[in-house]
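Visitor: This is the structure alone, sequence omitted:
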């Protein structure tokens, strides 16, 4: 490198690399990202705390009310009663089905409850000689044989309704006394 070129380069470097005073707000600008980060963390903590408080409120206030509403809805779909007239009235009001339950039942039949678990269907639960038996009633879904027998189940149609009687080794003839007291 020639001496002229070296001087030229030194002069250029000296001019461009000399000390210059820092801007007055440089220190403030360097600290600003730290403040923003601290504020960001604070807002994140505040948001997290708010989310936690909301979750606790939901768990302690809203969910029990929803559960109470659900229990009330389930209770409206079930009637616990041993009274044939009360069950017949409840089934008619809940489903529109007039199930001809006998007003006086033999001692071998004890009514337990009536349920309407789905629209257009009712179940009448009773004990036949201590064995739980269920009479399901739905709107007739077309013509069927007058009566069908299967193991543990008997089905028939009457007055626009499908009936299905099912339970354990129930005495089906005795179960017919639920509706037909004169048998």
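Guide: Received the coordinates, thanks. The structure displayed is predicted, hence computed values, not measured ones. Numbers count the residues shown, from 1 in each chain.
Visitor: Test my guess that residue 113 contacts residue 78.
Guide: Yes - the criterion here is CB atoms under 8 Å, and residue 113 meets it with residue 78 at 5.9 Å. The way it works is simple: take the backbone N, C-alpha and C, and place the C-beta from them, glycine included.
Visitor: quick one: average confidence on the strand or helix carrying residue 54?
Guide: Here residue 54, judged by DSSP states H and E, is contained in helix 26-57. In this model, helix 26-57 has an average pLDDT of 75.
Visitor: again, but for stretch 133-153
Guide: Per-residue pLDDT over stretch 133-153 has a mean of 73.
Visitor: In the protein, what residue spans correspond to strands?
Guide: Secondary structure of the chain (DSSP state E): strands at 78-80, 109-115, 121-128, 131-139, 147-150, 153-158, 161-167.
Visitor: gap between the two ends of stretch 56-65?
Guide: End-to-end distance of stretch 56-65 (CA to CA, to the nearest Å): 14 Å.
Visitor: Residue 83 versus residue 89, what's the distance?
Guide: 9 Å (CB to CB, to the nearest Å).
Visitor: Please identify every residue contacting each of the two.
Guide: By CB atoms under 8 Å, 6 or more residues apart in numbering, residue 89 and residue 83 have no common neighbours.
Visitor: Which residue ranges make up the domains of this protein?
Guide: Here the domain parsing of the chain from automatic domain parsing is 26-73, 78-178.
Visitor: who wins for proximity to residue 3 among these?
Guide: Residue 3 lies closest, by CB to CB, to one member of the domains of the chain: domain 26-73, at 38.9 Å.
Visitor: rewinding a little: could you identify which of the domains of the chain is most buried?
Guide: Among these, domain 78-178 has the highest mean neighbour count (mean count of other CB atoms under 10 Å), at a mean of 15.
Visitor: got the end-to-end distance for stretch 14-25?
Guide: End-to-end distance for stretch 14-25, by CA to CA: 26 Å.
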